[in-house]
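Chemist: Below are the sequence and a predicted model; questions follow.
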Amino acid sequence: MALGKIIKSLSGFYYVYSDGEVYQCRGRGNFRKRKISPLVGDLVEFKADNLEEGYILSIEDRKNELVRPPIANVDQALIVTSAVHPDFNALLLDRFLVLVEEKRIEPFIVISKMDQVDDERRKAMEAYKDQYEKIGYSVILSSVNDSESMDLIQSHLADRTTVIAGQSGVGKSSMLNSIDPRLSIDTDEISESLGRGKHTTRHVELYEISDGLVADTPGFSSLEFGELEQEQLPECFPEFVEVQNDCKFRGCLHHKEPKCAVKKAVEDGEIAKKRYDHYLQFLNEIQTRKPRY
Ligand SMILES: Nc1nc2c(ncn2[C@@H]2O[C@H](COP(=O)(O)OP(=O)(O)O)[C@@H](O)[C@H]2O)c(=O)[nH]1
Ligand SMILES: [Mg+2]
Ligand SMILES: [Zn+2]
């Protein structure tokens, strides 16, 4: 019996990484009956006489679990947004941040394709970097041919399990390939020339980088706040959490309430107006969400 980590799940097989080897395993026969389904990222006990015919015997308790993408035991999320092509989108970045904060996963932010910006865009991206760093997030301005930025990202990935989120085309796969060329993950450019359109990176797989594991996935495929309640939303904005004890009302939603410390901080320029606007937009989205039965 040995301990390992599931790094890939495909056609009924689980690929378990252990001590430098990958074992192809099946789940134990009674998993299905007991409604246990192993997830990528699971720590498992397994038995294997060779590399092809292993069995997963048991699964250790999960630290956390995502549904889309289906993956367990995530330490952090790398949110990639590009400076250009596609255009930088602060609303989308804040949406990813909320989805990650909701899962209590630590985010860090990469703004990619900085080799493509003009001076004005560079200044704007540097201002965003300052804004998000002030909140407490790490922000790296990167491009695949700037090795310093790639080294910085690599050091963030070391020894941890990371899930990557971000719009298609922002350069997630290219970034991983640049950090470790042995990965040779499909990028959109390649897949398009093969006529496979944008259907790269559909399955979940963990890649080993600097003794860490990274899941390159289509990102979070659902960007709706399906399960988030309005009371939880302020908790997903760390800079609100910092001041909201001073709101007059407990459970203040920082919207129409008087004597609200968050609104005051926005007026005083201590909280970015854009972040607050996005918050209101998300709040409205949750409040007008149709009930699901
Ligand atoms: N100029 C430039 N292009 C990049 C950079 N990173 C990625 N790209 C290009 O952006 C396109 C999409 O990249 P890809 O890695 O497939 O994005 P993904 O969908 O997020 O995985 C490809 O044509 C890449 O060559 C970068 O840092 N600079
Ligand atoms: Mg990709
Ligand atoms: Zn308030």
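Modeler: Cool, the structure landed. Ligands and ions are numbered 1, 2, ... in the order given.
Chemist: ok, the closest residue to ligand 1 within the stretch 101-250 of the chain to Val110 distance?
Modeler: For the stretch 101-250 of the chain, the residue closest to ligand 1 is Gly171, as judged by Cβ to the nearest ligand atom, at 2.9 Å. Quick note: C-beta positions are derived from backbone N, CA and C, even for glycine. As defined by Cβ to Cβ, to the nearest Å, Gly171 lies at a distance of 9 Å from Val110.
Chemist: what touches both of the two?
Modeler: Residues touching both Gly171 and Val110 (Cβ atoms under 8 Å, 6 or more residues apart in numbering) are Val80.
Chemist: before we move on, the earlier item: out of everything not next to it in sequence, what's closest to the residue of the stretch 101-250 of the chain closest to ligand 1?
Modeler: Distances taken as Cβ to Cβ, 6 or more residues apart in numbering place Ser112 nearest to Gly171, at 4.3 Å, with adjacent residues excluded.
Chemist: thinking again about what came up before, near the residue of the stretch 101-250 of the chain closest to ligand 1, how many other residues are there?
Modeler: Gly171 has 23 neighbouring residues, counting by other Cβ atoms under 10 Å.
Chemist: you'd agree it is up against Ile111?
Modeler: No - counting by Cβ atoms under 8 Å, Gly171 stays clear of Ile111, with 10.2 Å between them.
Chemist: Residues that sit against both of the two, list them.
Modeler: Common neighbours of Gly171 and Ile111 (criterion: Cβ under 8 Å, 6+ apart): Ser82.
Chemist: Next, the residue in the stretch 51-200 of the chain positioned nearest to ligand 2: secondary structure please.
Modeler: Per Cβ to the ion, Ser173 is where the stretch 51-200 of the chain lies closest to ligand 2, at 3.3 Å. When classified by DSSP: H, G, I helix; E, B strand; the rest coil, Ser173 comes out as helix.
Chemist: how far away is it from Asp186?
Modeler: Ser173 sits 7 Å away from Asp186, going by Cβ to Cβ.
Chemist: okay, the two: which has more neighbours?
Modeler: Neighbour count, other Cβ under 10 Å: between Ser173 and Asp186, Ser173 has more, with 23 against 15.
Chemist: Does ligand 1 have contacts with stretch 58-74?
Modeler: No - Stretch 58-74 is not in contact with ligand 1 by Cβ under 6 Å from any ligand atom; minimum separation 13.6 Å.
Chemist: let's number from 813 now, not from 1
Modeler: Noted, 813 is the first residue going forward, which turns the last one into stretch 870-886.
Chemist: what's in contact with that stretch?
Modeler: By Cβ under 8 Å, 6+ apart, stretch 870-886 touches 840, 848, 850-857, 915-917, 973-975, 1016, 1018, 1027, 1029-1030, 1032-1034.
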